[in-house]
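Student: need a structure here:
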Amino acid sequence: MSLNRRDFFKLSASASALLALQPSLSFAEGVSIGNRDVIISIFLRGGIDGLTAMPPLGDPRYAALRPNLALRAPGSASGTAAIDLNGFFGLHPSAAPLKTLYSAGRLAAVCATGVPSENRSHFDMQDFMERAYFDKTGVFTGWLNRHLELTQSANTSPFRALAVGNAVQRTLRGAVPTIGLSAISRFGVQTQAAEGDFIDRALLDLFNQSAEVDRQTRTAFTAIEQLEKSGAAALPVENGALYPTTTFGVGLKELAQLIKIGIGVESACIDLGGWDHHDNQLPRIAPLLDELAKSLLAFDTDMGARMANVSVVVMSEFGRRARENGSAGTDHGHGNVVFALGGGVNGGQVFGSWPTLNESALDQGDLAITTDYRAVLADLLIKRGGNTQIAATLPGFSLGASLGLFKPRA
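Tutor: Alright, predicted model coming up:
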């Protein structure tokens with residue numbers, strides 16, 4: 001059988017790997033990423049209602065604005081009772097595993113935070129937040145990719161920047177080569193052709209020139225071979241961790257495997273969607289909070305002592321309006337909550353200034369933002385990522401006093 005490029009693309013129209021990689025690689029198990037943390041960005045797409053995830057039970061206006069949706073005080077016999085977090089804030093009972101992490105000093109929250117923009121479009125706000133730049137022109141790369149570009153590393157693994165899911169998140173798009181992985185088992189060329197083995201062998205002969213497509217194809221096969229040889233797929237879950245068997249839960253489990261195997265992961269993005277609850281919110285948000293909280297607890301448990309060098313930020317494009325709507329839901333709002341997890345987090349605390357839900361304090365009916373979420377990113381990148389070029393990483397952001405969310409690396 002003969003095979004040319006056209007034949008190949010007919011036989012294999014897609015691959016599970018979405019690649020934008022450099023052509024020359026070196027790899028050895030146990031790749032060092034230097035004196036910095038593995039940074040993981042978890043994006044909750046759809047706009048999580050932070051006032052339900054972490055309700056301000058101590059604010060008297062909370063229950064008044066949400067007669068049907070407000071969580072009740074801990075121990076209440078009627079309605080959905082919250083879990084006490086710190087005497088003022090609570091947690092939705094479905095997010096109970098977050099209280100375990102919070103009490104252990106490994107999880108913290110930032111209240112009333114978000115993007116200082118009046119835009120309420122999902123598409124625009126996700127784009128703004130992932131680029132950390134609030135104009136549609138000028139800067140098109142993601143904040144985490146810029147961080148990697150500006151913090152030079154001896155780590156030449158193709159897995160330095162890893163996008164978990166079916167697409168590379170904008171957070172990781174940019175000059176630094178990024179690899180996308182939907183699942184370890186599906187990382188490779190996908191074809192229904194009986195000549196699959198022949199196709200694999202023939203590719204390197206077909207793409208042996210100096211064009212970009214040739215270099216990327218060779219690099220892709222190098223990455224596939226490295227992942228196969230790494231043994232990541234066979235690495236067991238440790239410390240009795242129990243991941244949900246959902247796409248998100250399995251994604252975090254496989255991310256843990258890749259970090260533990262030492263394949264060179266320095267940054268990663270993973271999403272959990274479905275948070276846009278304009279109606280029937282309480283029964284719809286509970287299973288998502290359960291999935292998120294159980295997955296984070298499992299990841300932390302599985303990683304064990306390795307979490308000393310892993311930092312996770314959990315964010316969403318905007319919060320929801322302070323007042324519930326007429327469909328037992330909430331509409332697009334403004335201020336929200338960000339969670340941080342890791343051994344380098346000053347956990348067991350809620351950071352930020354609470355603006356109150358008084359009518360005069362609301363921002364056009366929304367929770368006001370008192371902490372620009374870029375202050376969270378700056379604190380993370382400086383203290384855990386070894387970044388000394390915040391002005392270039394977060395263009396337009398004026399660095400002020402440290403938020404104190406993260407501990408400096410020793």
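Student: list the contacts of residue 92.
Tutor: By C-beta atoms under 8 Å, 6 or more residues apart in numbering, the contact set of residue 92 is 52-55, 71, 80, 82-83, 285-286, 289. Heads up, the C-betas are built off the backbone N, CA and C, glycines and all.
Student: so of those, which ones are in strands?
Tutor: Applying DSSP state E to the contacts of residue 92, the entries found in strands are residue 83.
Student: from the contacts of residue 92, pick the one nearest residue 365.
Tutor: Set against residue 365, the nearest of the contacts of residue 92 by C-beta to C-beta is residue 52 (16.7 Å).
Student: could you measure from the closest one over to residue 389?
Tutor: Using C-beta to C-beta, to the nearest Å, residue 52 is found at 37 Å from residue 389.
Student: these two: who's more crowded?
Tutor: residue 52 (28 against 14; other C-beta atoms under 10 Å).
Student: the more buried one and residue 319: what is the separation?
Tutor: Taken as C-beta to C-beta, the span from residue 52 to residue 319 is 10 Å.
Student: also residue 264?
Tutor: As judged by C-beta to C-beta, residue 264 and residue 319 stand 36 Å apart.
Student: could you pull out the strands for the stretch 101-250 of the chain?
Tutor: Applying DSSP state E, counting those that start in this stretch to the stretch 101-250 of the chain gives strands spanning 107-114, 161-164, 178-181, 189-190.
Student: centre of the chain versus the third one, how much separation?
Tutor: This points to strand 178-181. 14 Å (C-alpha atoms, centre = their mean, to the nearest Å).
Student: so what strands line up beside it?
Tutor: According to DSSP bridges, strand 178-181 forms sheet pairs with strand 18-20 (antiparallel), strand 161-164 (parallel).
Student: need the least confident one among those, by mean pLDDT.
Tutor: Comparing mean pLDDT over the strands paired with strand 178-181, the weakest stretch is strand 18-20, at a mean of 41.
Student: what is the neighbour count of residue 186?
Tutor: Count around residue 186 with other C-beta under 10 Å applied: 11.
Student: ah, wrong one, I meant residue 276
Tutor: Residues near residue 276, counting by other C-beta under 10 Å, number 19.
Student: name the nearest residue to it, ignoring sequence neighbours.
Tutor: residue 46 (3.7 Å; C-beta to C-beta, 6 or more residues apart in numbering).
Student: the one you found against residue 273, yeah?
Tutor: Yes - in terms of C-beta atoms under 8 Å, residue 46 counts as a neighbour of residue 273; the distance is 5.7 Å.
Student: neighbours around the residue lying closest to residue 146 once chain neighbours are set aside, how many?
Tutor: For residue 146, ignoring the flanking residues on the chain, the nearest one in space by C-beta to C-beta, 6+ apart is residue 393 at 5.0 Å. The local packing of residue 393 (other C-beta under 10 Å) involves 25 other residues.
Student: ok, residue 354 next?
Tutor: 18.
Student: now do the SS call for it.
Tutor: Assigned by DSSP: H, G, I helix; E, B strand; the rest coil, the conformation of residue 354 is coil.
Student: where does pLDDT dip in the stretch 151-300 of the chain?
Tutor: Applying pLDDT under 70 to the stretch 151-300 of the chain flags residues 189-210, 212-220.
Student: in the stretch 201-350 of the chain, which spans are helices?
Tutor: Per DSSP state H, counting those that start in this stretch, the stretch 201-350 of the chain carries helices over the ranges 212-230, 247-260, 281-303.
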